[in-house]
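Q: coords please:
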Amino acid sequence: MTDHSRALPPVDLRQAFGLPPGPVRLADHEPRATTGFPGDGKGDAPGVMAALGADLRYRQQQLFAQGRRGSNRRVLLVLQGMDTSGKGGVVRHAAGAIDPQGLSVATFGAPTPEELAHDFLWRVRRRVPAPGIVGVFDRSHYEDVLVARVHELVPAAEIERRYDAINDFEARLAGDGVTIVKVYLHIDRDVQRERLLARLDEPTKHWKYDPGDLEDRACWAEFRQAYEAALERCNTTAGPWFVVPAGRKWYRNWAVAALLLAHLQELDLSWPAGDFDVEEQRRLLLAEG
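A: From the prediction side, this is the model:
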């Protein structure tokens, strides 16, 4: 593997972005920070990201190869954040560096009538990545303790039950070989306003704009409280939360990719050995004439 050390952060991003146990105050986190970026700024981002992407693909291909040989290990990247925080951008630019055959992406919007007929985790269990795969949840089971809480779609007691159900669900995943990387993409209200205005200013982005987003924006404080509660209640050893500054798109994409790479490196992956005699197979091929 080529050495791309210049693309790697000089700090442990898992520690830098990880939440300690206890109450969470998102106001204490700077949304425009560039913690650990190994370049001089936005101008260096393309080259740094390209080098990081090469390392990410290499590790992901090892994970995929091991999955083909019977390993149960897989990775699940959970993306959450306020509207315009960049979940789709991360999927395109960070997770997009991965070989498509080793990537699965699931988006969880408003539940369908069929999904509402089951427990809230039913649709999520069906999209857990298979062995050897890096899965991405663009929104996730956390919508059911965020939107449901803010808009009072279920009683408060049900929200409390769901926190515990999520923790149990993620603990079972971890026990079954899933490395869970949960990322909250952190922006402030001013950044969201800038990005919504940018969508209005650019006709090619009008399809991204939903007037209904202003209703959720009016509930900014309520959503912030709902996120803080979810981050606190579901920050576990099996599924720790990471708060990634997302006020600068170029940094956000690099930071999530670097965080994902750090977790793949921690798996201590290697290429699985063949279950055949290499020299014999070589001899048979050469004997074909």
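Q: Next up, the contacts around the most centrally placed residue in the chain.
A: When the chain is reduced to its mean C-alpha position, the closest residue under CA atoms, centre = their mean turns out to be residue 77, at 3.2 Å. With CB atoms under 8 Å, 6 or more residues apart in numbering as the criterion, the residues that contact residue 77 are 95, 134-137, 181, 183, 256, 260. (Glycine included, C-beta is placed from N, CA and C.)
Q: Now for the residues you listed: which two are most distant?
A: Based on CB to CB, the longest span within these runs between 135 and 256 and measures 14.3 Å.
Q: Between the two, which has more neighbouring residues?
A: For residue 135 versus residue 256, neighbours defined as other CB atoms under 10 Å are more numerous around residue 256 (29 against 21).
Q: how close does the more buried one get to residue 249?
A: Residue 256 sits 11 Å away from residue 249, going by CB to CB, to the nearest Å.
Q: what do you get for residue 179?
A: For residue 179, the distance to residue 249 equals 26 Å [CB to CB].
Q: Then residue 11?
A: When CB to CB is applied, the distance between residue 11 and residue 249 equals 21 Å.
Q: do the same with residue 264
A: 23 Å.
Q: quick one, which of the two is more surrounded?
A: Between residue 264 and residue 249, counting by other CB under 10 Å, residue 264 is the more crowded of the two (22 against 15).
Q: quick one: the more buried one and residue 74 touch, right?
A: No. The pair residue 264 and residue 74 does not pass the contact test of CB atoms under 8 Å, sitting 10.8 Å apart.
Q: Can you work out which residues contact both of these two?
A: Residues within reach of residue 264 and of residue 74 at once, by CB under 8 Å, 6+ apart, are residue 63.
Q: in which helix or strand would I find residue 46?
A: According to DSSP states H and E, residue 46 maps onto helix 45-68.
Q: Tell me the helix or strand right after the least confident helix or strand in the chain by mean pLDDT.
A: Averaged element by element with mean pLDDT, DSSP states H and E, the chain has its least confident helix or strand at helix 213-217 (a mean of 89). Scanning forward in sequence from helix 213-217, with DSSP H and E defining helices and strands, the next element found is helix 220-233.
Q: circling back to that earlier point, list the buried ones in the least confident helix or strand of the chain?
A: Buried residues in helix 213-217, counting neighbours by 16 or more other CB atoms under 10 Å, are found at 213, 216-217.
Q: now that helix: how far from the chain's centre is it?
A: Chain-centre distance of helix 213-217: 24 Å, with CA atoms, centre = their mean, to the nearest Å.
Q: Report all helices and strands that it contacts.
A: helix 189-201 (3 or more CB pairs under 8 Å, 6 or more residues apart in numbering; DSSP states H and E).
Q: I'd like the distance from the helix it packs on to the chain centre, please.
A: Going by CA atoms, centre = their mean, where helix 189-201 is centred and where its chain is centred differ by 23 Å.
Q: and what of stretch 254-273?
A: The chain centroid and the centroid of stretch 254-273 are separated by 13 Å, computed with CA atoms, centre = their mean.
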